[in-house]
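> Could you work out the structure for the sequence below:
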Amino acid sequence: MTDREELDAFVQRWLDANAECERRRDWRPLADFFTPDATYGWNCGPNDEFMAVGREEIRELAFGSEMAGLDGWTYPYQSILVDERAGMVLGLWRQVADARRPDGTRYEIAGLGASWFGYENGAWTWQRDFFDHANAGALFMEMAKNGHLSSGMTERLRQAASRKRAPGHYRRTEVPAPVWPVKPHYTADETETERHA
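A predicted model of the protein is given here:
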């Protein structure tokens, strides 16, 4: 079991570092919060998973190339749930662009965004993100229509349309680490009595 004060302090350092990286428009220093063999991934659709394996892939892919075109965006955390017994953290966040619509409102990806973390001995051992890709795509199309999509994101969408997989993207059957990083607490065929025994 992790000490709660230790984990709370680590989470606060993480949040402070996120805010600083947003100001600098460079998220790569966040990789220093991970163990050397950590994994970081998310689902991208029915047959596509992103997975970075190891701190340096996390730095160059998850916080580098995957953030290209999102300069000026912020990801404010709305709520943090901490489970020190399991050494896990769940952070719920928004995805807000620095550009504004013609009516003055900020572009923001609809729906919930979240990161699920595993913690051990002063570092993240894994991170898994989830957000609505359909809503993200719709917002990027709206921004492009209004002439507000960055050149970096325009290039990423062009690459995606070519169906060529970017570094770190895998078919679901080929992903180098499981998207579910922990074993389930119970299996589907267990009865309610067995789960609570």
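
> The strand of greatest length in the chain - contacts with which helices or strands?
Longest strand in the chain by number of residues (criterion: DSSP state E): strand 34-45. Here strand 34-45 touches strand 48-53, helix 55-57, strand 123-130, going by 3 or more CB pairs under 8 Å, 6 or more residues apart in numbering; DSSP states H and E. Every residue, glycine included, has its C-beta placed from N, CA and C.

> highest average neighbour count across those?
strand 48-53 (a mean of 21; mean count of other CB atoms under 10 Å).

> per-residue confidence for residue 197?
Predicted confidence (pLDDT) for residue 197: 47.

> Name the residues that touch stretch 2-17?
Applying CB atoms under 8 Å, 6 or more residues apart in numbering, the set of residues contacting stretch 2-17 from outside is 29-30, 33, 77, 80, 82, 84-85, 87, 89, 91, 119-120, 122.

> Strands of this protein, residue ranges please.
Under DSSP E, the chain gives strands at 34-45, 48-53, 77-83, 88-93, 96-100, 106-108, 113-120, 123-130, 169-170.

> and the longest one with strand 123-130, angle?
Relative orientation of strand 34-45 with respect to strand 123-130: 10 degrees, computed using axes from the mean of the first three to the mean of the last three CA atoms, to 10 degrees.

> And the contacts of strand 34-45?
49-55, 58, 62, 120-121, 123-131, 133, 169, 175, 177, 179, 181.

> for the second one, same thing?
For strand 48-53, the surrounding residues in contact (CB under 8 Å, 6+ apart) are 37, 39-44, 58, 60-62, 66, 165, 168-172, 175-177, 179.

> That one: how far from the chain's middle?
11 Å (CA atoms, centre = their mean, to the nearest Å).

> re the thing from before, tell me which of the strands of the chain sits most buried.
Counting by mean count of other CB under 10 Å, strand 48-53 has the highest mean neighbour count of the strands of the chain, with a mean of 21.

> mind checking the end-to-end distance for stretch 80-92?
Distance between the two ends of stretch 80-92: 6 Å, counting by CA to CA, to the nearest Å.

> most centrally placed residue in the protein?
residue 129 (3.6 Å; CA atoms, centre = their mean).

> ok, what's across the strand from that residue?
residue 42, residue 115 (DSSP bridges).

> for the chain, which spans come out with low pLDDT?
In the predicted model, the chain carries pLDDT under 70 at residues 185-197.

> quick check: longest helix of it.
Ranked by number of residues, the top helix in the chain under DSSP state H is helix 4-24.

> hey, C-alpha coordinates of that helix in CSV?
Taking C-alpha atoms only, helix 4-24 is exported to CSV below (Å, rounded to 0.1, in the frame of the first residue of the first chain):
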residue,chain,number,x,y,z
ARG,A,4,-1.5,8.7,0.9
GLU,A,5,0.5,11.8,1.7
GLU,A,6,3.3,10.7,-0.6
LEU,A,7,0.9,10.0,-3.4
ASP,A,8,-1.0,13.3,-2.9
ALA,A,9,2.3,15.2,-3.0
PHE,A,10,3.3,13.4,-6.2
VAL,A,11,0.0,14.1,-7.9
GLN,A,12,0.4,17.8,-7.0
ARG,A,13,3.8,17.9,-8.5
TRP,A,14,2.4,16.2,-11.7
LEU,A,15,-0.4,18.9,-11.9
ASP,A,16,2.1,21.7,-11.5
ALA,A,17,4.4,20.2,-14.1
ASN,A,18,1.4,19.9,-16.5
ALA,A,19,0.6,23.6,-16.1
GLU,A,20,4.2,24.5,-16.7
CYS,A,21,4.5,22.4,-19.8
GLU,A,22,1.3,24.0,-21.2
ARG,A,23,2.8,27.4,-20.7
ARG,A,24,6.0,26.3,-22.5
